[in-house]
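Colleague: After the sequence you'll find the predicted model.
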Amino acid sequence: MRAVVLDSDSLGSDLTLNEFESLPVTLTRYPTTTPEQVIERIRDAEIVLVNKVVLNADALGQAEKLRYVGVLATGTNNVDTEYCQQHGITVNNVDGYGTDSVAQHAMMLLLNLATSFVPTMQQVKQGDWSRSPFFCLLDNPVMELAGKHLIIVGYGTLGQRFAELARAFGMKVSVAARPGTTSAERRALDDLLPEADVVSLHCQLSAQTEQLINAERLRLMKPTALLINTARGGLIDELALADALTNGQIGGAGLDTLSVEPPPADHPLLSLSLPNLIITPHSAWSAKEARQRLLKMAVAKLEQFIEAS
C-alpha cells in the first residue's frame, strides 16, 4: 500500500518514522507540503499521514485511491471529515499521547504568571537587583495558588490531569458545564467566571466553543484573574483579549495557541509588550516522550486498519 507523510518535520527533526517500517506500506516522506503541492502528493496514495496540512474536499476528491487518513495529532479540523465519511475514507486521530506534556506546560504558564517570573527575571538581567538597596525585589505581584479558585473548561483527559496538578498546589477546582449544555452537577461558565482566580481552557474547538472567551465573558472576570489556553486559539476572541489585557481588565494570560498558526507578524497579541502576557509557539505537546508516544499510537491505529482491510 502506498502511503505518504505530508509534513513529517512538524513532528521534530529528532524523530524518525522507523516505526512505520514494520507495516506493509511503501512510505514517502515529505518534510513539508504547501497547499499547492497537496493534490499531486496524495493523488496516488492509499494512506495519507498528516499533522497540520489541510486536506479539503477539493484535494481529497483528486485522491481516488485514498482509503485512510491518519492525523498525527488530536484535532482533525484540518481534514474534511464529512467528505471522508461520505466516501468511505477512514480518518483516525491520536489522542491522549501528550497529557502530561500539555498539563505541565499549562502549569508552567500559570506559575510564570502567578510569580511574575518573566518581568522579574528581566529586572535581574538589567541590573535592578544589583542596584537595589534591599536584599530582594518586590516590584512585581506574586500570587499564591493555594486556596485560589480554578475554573476548568473541558474536563477530558487533559483537563483532569491539570486539575490534579492544581489540587497538588492547594487550589479549589471547579469544572464548568460543557458549552451549549446544562448540567445538574456543573455550573454554567458565566456563573463561575466572576469567582475565578484562574480560567484554564482544555476543550475542543467547535461551533459551540469558537470565541468562547469573548469581550462579554472577559468583563465577567476579576481584574486579577488569569487566563490559560493550551487548547485551541479559536476559543478566544483575541482582539477582545488584547483590549482586556491593555486596559487591566484581567490579570494576565498564558497562551500556547493562537487562532492562526503561524501567526502574522502584526497579530494583535504579538504586538503587545506586556509583562502579564506569555505566548508560546504551540509547543505544549512537544516533549520528546509525547511525540514518540504519538508515533507509536499512530502506527498501532494504522496497523489495525490494515489488518481489518
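Modeller: Good, I have the coordinates. Owing to the predicted nature of the structure, the values given are computational and were not obtained by experimental measurement. Residues are numbered from 1 along each chain as shown.

Colleague: Check which residues of stretch 252-265 are buried.
Modeller: Neighbour counts using 16 or more other Cβ atoms under 10 Å place Gly252, Ala253, Gly254, Leu255, Asp256, Thr257, Leu258, Ser259, Pro263 of stretch 252-265 among the buried residues. No exception for glycine: its C-beta is placed from N, CA and C like everyone else's.

Colleague: Just those: which are in strands?
Modeller: Gly252, Ala253, Gly254, Leu255 (DSSP state E).

Colleague: So which residues of the chain form helices?
Modeller: Applying DSSP state H to the chain gives helices spanning 38-42, 57-60, 81-86, 99-114, 117-125, 128-131, 157-168, 189-192, 215-220, 238-246, 288-308.

Colleague: Break the chain down into its structural domains.
Modeller: Domains of the chain are assigned by automatic domain parsing as 2-95+288-308, 99-279.

Colleague: want to throw those into a markdown table with mean pLDDT?
Modeller: What follows is these, written out as a markdown table (pLDDT from 0 to 100):
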| stretch | mean pLDDT |
| --- | --- |
| domain 2-95+288-308 | 94 |
| domain 99-279 | 95 |
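
Colleague: Go through the helices of the chain and name the closest to Thr181.
Modeller: helix 189-192 (10.8 Å; Cβ to Cβ).

Colleague: got the ones in strands among the buried residues of stretch 252-265 as TSV, with distance to Val198 columns?
Modeller: Below are these laid out as TSV (distance: Cβ to Cβ, whole Å):
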residue	distance to Val198
Gly252	10
Ala253	11
Gly254	10
Leu255	14
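
Colleague: Once you drop chain neighbours, what's closest to Val124?
Modeller: Leaving aside its sequence neighbours, Val124 sits nearest to Leu137 (Cβ to Cβ, 6 or more residues apart in numbering; 7.6 Å).

Colleague: Ok, Ser22 next?
Modeller: Computed as Cβ to Cβ, 6+ apart, the closest residue to Ser22 that is not its neighbour in sequence is Val299, at 7.4 Å.

Colleague: And for that neighbour, the neighbour number?
Modeller: 20 (other Cβ atoms under 10 Å).

Colleague: One more: Gln304?
Modeller: Residues lying near Gln304 (other Cβ under 10 Å) number 11.
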